[in-house]
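Participant: predicted model and sequence follow; I will ask about them next.
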Amino acid sequence: RRVLVVAHTREIVSQTSRKLDDYDVPHGVIMGSHWRNFPDLSTQVATIQTLAHRERPPADFIVLDEAQHCRSTTAEKLLEWYPNAPMLGATATPWRGDGKGLEEYFDASVTAATTAELMAQGFLVRYGGFSFEHPDLRGVRMKGSDYESGSLEMACSKVRIVGGIVEQWNLHAGG
């Protein structure tokens with residue numbers, strides 16, 4: 001069976017290729033004049049942008065990295081190019097800024113590790129947050145679906161708001 005691993009950046013293609021090497025998986029890389037141009041191997045790794053502009057290899061199974069982008073025009077073309085190939089989506093951020101879900105592309109979701117687990121294992125940097133008093137936006141005028149900038153600036157420029165930001169900055173990041 002032929003496997004196609006699709007990523008969005010050259011860096012991720014290179015990382016994927018190195019990881020496949022770690023497990024002795026023979027594979028080709030479809031990217032520019034990459035030295036690993038072995039189109040006859042059953043596993044291929046490519047950027048989605050390259051696939052959009054080249055002859056695409058046959059694939060029986062697709063692994064889509066950064067699967068949260070599956071709603072992009074290019075990723076949707078991937079589904080058209082390989083209508084019968086099952087697809088596994090991998091992502092560290094299984095949510096989208098536009099609020100649209102991934103359920104029409106994937107049947108199930110599996111959490112391999114939580115953010116807290118990855119921080120505890122040293123894969124992610126521990127983070128923390130600090131807050132200050134937020135502005136009262138009740139009187140801020142709207143312009144379409146957003147706040148009107150002059151009115152918003154007035155609400156956010158109050159002495160206690162700006163002073164709170166400066167106080168927190170000095171407390172946590174002074175010097």
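Facilitator: Cool, the structure landed. Please read these numbers as outputs of a predicted model, since none were measured by experiment.

Participant: hey, which helix or strand in this structure has the poorest pLDDT?
Facilitator: helix 159-173 (a mean of 80; mean pLDDT, DSSP states H and E).

Participant: can you point out the buried residues in it?
Facilitator: residue 161 (16 or more other Cβ atoms under 10 Å). Where you see a C-beta, it was placed from the backbone N, CA and C, and this is true even at glycine.

Participant: what does stretch 82-100 give?
Facilitator: Residues of stretch 82-100 classed as buried by neighbour count (16+ other Cβ under 10 Å): 82, 85, 87, 89, 91.

Participant: I'd like the distance from that stretch to the chain centre, please.
Facilitator: 10 Å (Cα atoms, centre = their mean, to the nearest Å).

Participant: ok, now stretch 6-18?
Facilitator: Stretch 6-18 has its C-alpha centroid displaced from the chain centroid by 13 Å (Cα atoms, centre = their mean).

Participant: and for stretch 26-40?
Facilitator: Using Cα atoms, centre = their mean, the offset of stretch 26-40 from its chain centre is 24 Å.

Participant: equivalent analysis for stretch 44-59, please.
Facilitator: Taking mean C-alpha positions (Cα atoms, centre = their mean), stretch 44-59 and its chain are 19 Å apart.

Participant: per-residue confidence for residue 103?
Facilitator: Residue 103 carries a pLDDT value of 80.

Participant: quick one, helices of this structure?
Facilitator: Assigned by DSSP state H, the helices in the chain fall at 10-22, 48-53, 73-81, 115-120, 149-156, 159-173.

Participant: and the buried residues of stretch 82-100 as JSON lines, adding pLDDT?
Facilitator: Shown next, in JSON lines, are those (pLDDT from 0 to 100):
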{"residue": "82", "pLDDT": "94"}
{"residue": "85", "pLDDT": "95"}
{"residue": "87", "pLDDT": "93"}
{"residue": "89", "pLDDT": "92"}
{"residue": "91", "pLDDT": "85"}
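
Participant: please identify which of the residues you listed is nearest to residue 169.
Facilitator: Nearest to residue 169 out of the buried residues of stretch 82-100 is residue 91 (Cβ to Cβ; 33.8 Å).

Participant: any idea how far residue 18 is from residue 82?
Facilitator: The gap separating residue 18 from residue 82 is 25 Å, by Cβ to Cβ, to the nearest Å.

Participant: how far does stretch 42-51 sit from its chain's centre?
Facilitator: Counting by Cα atoms, centre = their mean, stretch 42-51 comes out at 18 Å from the chain centroid.
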